[in-house]
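Participant: Here's a sequence, model it:
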Amino acid sequence: MQSPPPVRMEGIPLANMEGKLGFPDLQEKFRKEFPIVFPDEKAEKTVVIIPSLTLDQEILSKINGVVHYEERMLCMLMLLRMPRTHVVYVTSTTIDPVIVDYYLSLLPGITGYHARQRLHLLSCNDASPKSLTEKILDRPRLIERIKTSIPAGHAAHLAFFNVTNFEKELAVRLQLPVYGCDPGLDWIGSKSGGRSVFRDCGAPMPDGMEGLVDRSAVVDALHQLKQRHSNLRKAVIKMEEGFSGEGNAVFTYSEGRVSTIEIRDGLMGNTCPVAPGMSAAQFFDKFDSMGGIVECFVEGETKRSPSVQCRITPTGEVDIISTHDQLLGGNCGQVFLGASFPADRDYAASLAKEARMMAGNLKDKGVLGRFSIDFISVKDDEGLWRHYAIEINLRKGGTTHPFLMLQFLTNGIYAEGEGIYHSATGRDLYYYSSDNLYSPSYIGLTPHDLIDIAMMNGLQYDGSRQQGVMFHLIGALSQYGKLGVVCIGHSPGEAIAYYQRIIEVLEKESGKC
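Facilitator: Residues are numbered from 1 along each chain as shown. Alright, predicted model coming up:
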């Protein structure tokens, strides 16, 4: 009798995997290969990049042009600077060849022709809201094309934006290890899990309560916080899973109204969801299904939102990759808009030290790959900075691709003890980056237009001078008027000047459309 087809449940294959390695075995194989293959720039290897945002699709749908966020990992095409490395890049929809050519033109020491022979672009031809990884899993022929794109004898691994059970299933289907965290540890990257890690490490964090299951628990938590802090004006309500602040809402306490009943009755009217177009009722319907936390809104006359990006390698090394000062805006000042690198030297080194301690805790828990730890930092009356740990993102994020571009192009290193980035030429470099350079007047500008505008105005990145502007999210420009930029300079002021200049030029040139 013919065997039944494989069955999927919660992203895990239940079929007999005879003859195939399981996920732990694939990861162990990766651990053994890593110290041999990865330090060797001339080793034959393939990186399969699946830039899937496998997060809550209802929250993601609130972000304009979210399908083009798959382009943010195009920075990893810079891996092609290694002459025997192949890259397989899979997307929901086909990337405009002009965008691909733009990235390949940035490769130092490699011709575009040489790089193209080692680049394999594949597409699902599917712009639906489903995550990219799920789309691939639904296309067995595409999975086979991914396999056949990997040259025989190459050491290969998968790079995802984030890793869930769907990515784990795809890894087993492809028989490739993942440079990322086992989804069994996902709880650590939730809002409640992050607070648990901070507590274990003795790290200061805003007073709050985690593990809340519904809006009734939120009301109780808001009441308790007000009881503990009589001067508290605002609190932040966070779903366990969010992206770029879109799973957050800010609750403002009414003057003199502190009882549980009063908070409950004013819950809808006093709650401001961050996601555009999401009502308070919709927010709490989502919260009821996902759960989350409530914590005090950190006040301060001088306040920053720094982030430390870390990496744990397959062999257990902990690296502090970068520090950034994040720019937050949008509804209630909770949406990630951009970042300056490095973070302020007044606290960059001390933040890195705190993050290293927390990263050690995460290593002991089995975390692998890139992740970031976000803080709120407030300067007190004595001029001292006080840091409050906010959340752990067990995935790549808004500060990942700008730093990767800088590192790939300049072959430098971030000195965590100094809070400075030194390029291979000895220059100290800085950048300002944004995923949300937006204007309705930009709508209609094509990728061809953007590249032409940059060249005509001397704004493209100049490798000899190691300064200028690099673009991402280019595919979102024409339809949504939205663009990402990384502006590199030899000082923080020069980086900001490039950013201001690109805005000035785009405003002028878009008026000619």
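Participant: what residue ranges in the chain are flagged as low confidence?
Facilitator: Along the chain, the parts satisfying pLDDT under 70 run over 1-18, 59, 62, 243-245, 257, 330-335, 512-513.
Participant: Tell me which residues touch the spatially most central residue of it, please.
Facilitator: For the chain, the residue nearest the mean C-alpha position is Gly397 (1.1 Å; C-alpha atoms, centre = their mean). Gly397 makes contacts with Ser307, Gln309, Phe336, Ser372, as judged by C-beta atoms under 8 Å, 6 or more residues apart in numbering. Yep, even glycine has a C-beta here, placed from its N, CA and C like the rest.
Participant: what about it, is that helix, strand or coil?
Facilitator: Secondary structure assignment for Gly397 (DSSP: H, G, I helix; E, B strand; the rest coil): coil.
Participant: What about Thr313, how many residues nearby?
Facilitator: Counted with other C-beta atoms under 10 Å, residues neighbouring Thr313 total 16.
Participant: and it, what does it touch?
Facilitator: Phe34, Asp319, Leu368.
Participant: From Ile451, how far off is it?
Facilitator: Taking C-beta to C-beta, to the nearest Å as the measure, Thr313 falls 36 Å from Ile451.
Participant: Check Asn64 too.
Facilitator: For Asn64, the distance to Ile451 (C-beta to C-beta) stands at 22 Å.
Participant: rewinding a little: looking at the contacts of Gly397, point me to the pair that's furthest apart.
Facilitator: Across the contacts of Gly397, the longest distance by C-beta to C-beta is 13.4 Å; it joins Gln309 and Phe336.
Participant: can you map out the strands along the stretch 151-300 of the chain?
Facilitator: Using DSSP state E, counting those that start in this stretch, the strands of the stretch 151-300 of the chain run over 155-160, 208-212, 234-239, 248-252, 271-273, 292-296.
Participant: Dump the ones you listed to TSV, plus distance to Lys130 and mean neighbour count.
Facilitator: Converted to TSV, these look like this (distance: least, C-beta to C-beta, whole Å; neighbours: other C-beta atoms under 10 Å):
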stretch	distance to Lys130	mean neighbour count
strand 155-160	16	23
strand 208-212	29	19
strand 234-239	20	24
strand 248-252	24	21
strand 271-273	24	22
strand 292-296	24	23
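Participant: Ok, which of those comes nearest Ser423?
Facilitator: Closest approach to Ser423 among the strands of the stretch 151-300 of the chain (C-beta to C-beta): strand 155-160, 24.1 Å.
Participant: how far does that closest one sit from the chain's center?
Facilitator: Centroid separation for strand 155-160 versus its chain: 18 Å, with C-alpha atoms, centre = their mean, to the nearest Å.
Participant: Which strands or helices does it pack on?
Facilitator: Contact partners of strand 155-160 among helices and strands, from 3 or more C-beta pairs under 8 Å, 6 or more residues apart in numbering; DSSP states H and E: helix 23-37, strand 45-50, helix 165-174.
Participant: and the angle for that strand with helix 165-174?
Facilitator: Per axes from the mean of the first three to the mean of the last three C-alpha atoms, to 10 degrees, the angle that strand 155-160 makes with helix 165-174 is 160 degrees.
Participant: hmm, who's touching strand 155-160?
Facilitator: By C-beta under 8 Å, 6+ apart, strand 155-160 touches 30, 33, 37, 43-52, 54, 73, 76, 133, 150, 167, 170-171, 174, 176-180.
Participant: before we move on, the earlier item: with respect to Gly22, which of the contacts of Thr313 is nearest?
Facilitator: Leu368 (16.3 Å).
Participant: Can you give me the neighbour number for that closest one?
Facilitator: By other C-beta under 10 Å, the residues close to Leu368 number 24.
Participant: Roughly how far does it sit from Val318?
Facilitator: Remark: distance between Leu368 and Val318 (C-beta to C-beta) = 11 Å.
Participant: With Glu255 instead?
Facilitator: Distance check for Glu255 against Val318: by C-beta to C-beta, it reads 47 Å.
Participant: Between the two, which has more neighbouring residues?
Facilitator: A direct count of neighbours by other C-beta under 10 Å for Glu255 and Val318 places Val318 higher, at 17 against 7.
Participant: if I pick that one, what's in contact with it?
Facilitator: Val318 is in contact with Cys310, Arg311, Ile312, Arg356, Ala359, Gly360, Lys363, counting by C-beta under 8 Å, 6+ apart.
Participant: Of those residues, which belong to helices?
Facilitator: Among the contacts of Val318, DSSP state H puts Arg356, Ala359, Gly360, Lys363 in helices.
Participant: just to revisit the earlier point, please identify which of Asn64 and Ile451 sits among more neighbours.
Facilitator: Per other C-beta under 10 Å, whichever of Asn64 and Ile451 has more neighbours is Ile451, with 18 against 14.
Participant: Please identify the helix or strand for that one.
Facilitator: Taking DSSP states H and E as the criterion, Ile451 maps to helix 447-456.
Participant: Also Ile373?
Facilitator: Counting by DSSP H and E, the element that carries Ile373 is strand 369-379.
Participant: If you count contacts, what does that strand end up packed against?
Facilitator: If contacts are counted by 3+ C-beta pairs under 8 Å, 6+ apart, strand 369-379 sits against strand 303-304, strand 306-312, helix 348-364, strand 385-393.
Participant: Pull up the pairing partners for it, direction included.
Facilitator: strand 303-304 (antiparallel), strand 306-312 (antiparallel), strand 385-393 (antiparallel) (DSSP bridges).
Participant: can those go into a markdown table with extra columns for mean neighbour count and distance to Gly247?
Facilitator: Putting the strands paired with strand 369-379 into a markdown table (neighbours: other C-beta atoms under 10 Å; distance: least, C-beta to C-beta, whole Å) gives the following:
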| stretch | mean neighbour count | distance to Gly247 |
| --- | --- | --- |
| strand 303-304 | 16 | 21 |
| strand 306-312 | 23 | 17 |
| strand 385-393 | 21 | 10 |
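Participant: With distance to Ile420 added, can I get those strands in CSV?
Facilitator: Compiled in CSV, these are given as follows (distance: least, C-beta to C-beta, whole Å):
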stretch, distance to Ile420
strand 303-304, 18
strand 306-312, 15
strand 385-393, 18
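Participant: Nearest to Arg501, out of these?
Facilitator: For the strands paired with strand 369-379, the distance to Arg501 is smallest for strand 303-304, at 24.8 Å, taking C-beta to C-beta.
Participant: Please list only the buried members of the contacts of strand 155-160.
Facilitator: Among these, the ones that count as buried by 16 or more other C-beta atoms under 10 Å are 30, 33, 37, 44-52, 54, 73, 76, 133, 150, 167, 170-171, 174, 176-180.
Participant: Gly458 versus the residue nearest to the centre of the chain, what's the distance?
Facilitator: Look at Gly397 and Gly458: by C-beta to C-beta, they are 31 Å apart.
Participant: Just the element for the residue nearest to Thr446 when sequence neighbours are not counted, please.
Facilitator: Nearest in space to Thr446, with sequence neighbours left out and distances taken as C-beta to C-beta, 6 or more residues apart in numbering, is Ser478 at 5.1 Å. Using DSSP H and E, Ser478 sits within helix 477-480.
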